[in-house]
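Asker: heads up, no residue letters with this:
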């Protein structure tokens with residue numbers, strides 16, 4: 001059973017950067033489509049970025065486009081999302097989600113992903 005683990009969350013000042021990691025013990029994520037989602041207190045979960053398993057362009061939600069970059073390290077079998085120019089509205093618990101069967105990836109359909117991590121908290125505050 002694939003168990004995804006996110007790491008890299010924390011407290012950062014507005015305008016700062018963080019890089020979140022998504023990994024799975026004993027598994028490589030190289031063959032999985034990976035999506036990054038977030039849920040802020042009192043708000044619905046929303047997709048922010050994703051990357052397919054094969055070569056292809058990642059996808060981003062408009063709200064993070066130009067600030068977030070999702071990428072793989074195929075030597076480690078992990079996936080990352082680099083988040084720049086973070087703002088208070090980016091405060092949320094961030095989750096990575098994975099799926100073996102997804103063609104490409106999606107940030108709009110959380111239900112397309114079979115596996116989810118427990119999340120890592122990101123707080124943007126001065």
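Answerer: Sure, I can see it. Just so we're clear, the structure is a prediction, and the values are computed from it rather than from any experiment.

Asker: what helix or strand is the residue nearest the centre of the chain located in?
Answerer: When Cα atoms, centre = their mean is applied to the chain, the residue found nearest the centroid is residue 36 (2.5 Å). Secondary-structure assignment from DSSP states H and E places residue 36 in strand 33-39.

Asker: other residues contacting that strand?
Answerer: 20, 22, 45-53, 68, 70, 72, 79, 81, 90, 92-100, 102, 104-107, 110, 112-113, 119, 122 (Cβ atoms under 8 Å, 6 or more residues apart in numbering). For every residue, glycine as well, the C-beta is placed using N, CA and C.

Asker: what does the pLDDT read for the residue nearest to residue 45 when sequence neighbours are not counted?
Answerer: Excluding its sequence neighbours, the residue lying closest to residue 45 (Cβ to Cβ, 6 or more residues apart in numbering) is residue 39, at 4.3 Å. Predicted confidence (pLDDT) for residue 39: 98.

Asker: this structure: strands as residue ranges?
Answerer: 4-7, 10-12, 18-24, 33-39, 46-51, 59-60, 68-73, 78-83, 92-99, 115-116, 120-124 (DSSP state E).

Asker: quick check: buried residues in the fifth one?
Answerer: Going back to what we said before, that points to strand 46-51. For strand 46-51, the neighbour count (16 or more other Cβ atoms under 10 Å) marks 46-51 as buried.

Asker: just the last one next, same as before
Answerer: When neighbours are counted by 16+ other Cβ under 10 Å, the buried residues of strand 120-124 are found to be 120, 122, 124.

Asker: out of the residues you listed, which comes closest to residue 61?
Answerer: Among the buried residues of strand 120-124, residue 122 lies closest to residue 61 (Cβ to Cβ), at 15.2 Å.

Asker: mind listing what the residue nearest to the closest one when sequence neighbours are not counted touches?
Answerer: Spatial nearest neighbour of residue 122, excluding adjacent residues (Cβ to Cβ, 6+ apart): residue 9 at 4.8 Å. Under the criterion of Cβ under 8 Å, 6+ apart, the neighbours of residue 9 are 18, 20, 93-94, 120-122.

Asker: where does the prediction get shaky in this protein?
Answerer: For the chain, applying pLDDT under 70 flags the ranges 55.

Asker: no more questions from me, cheers.
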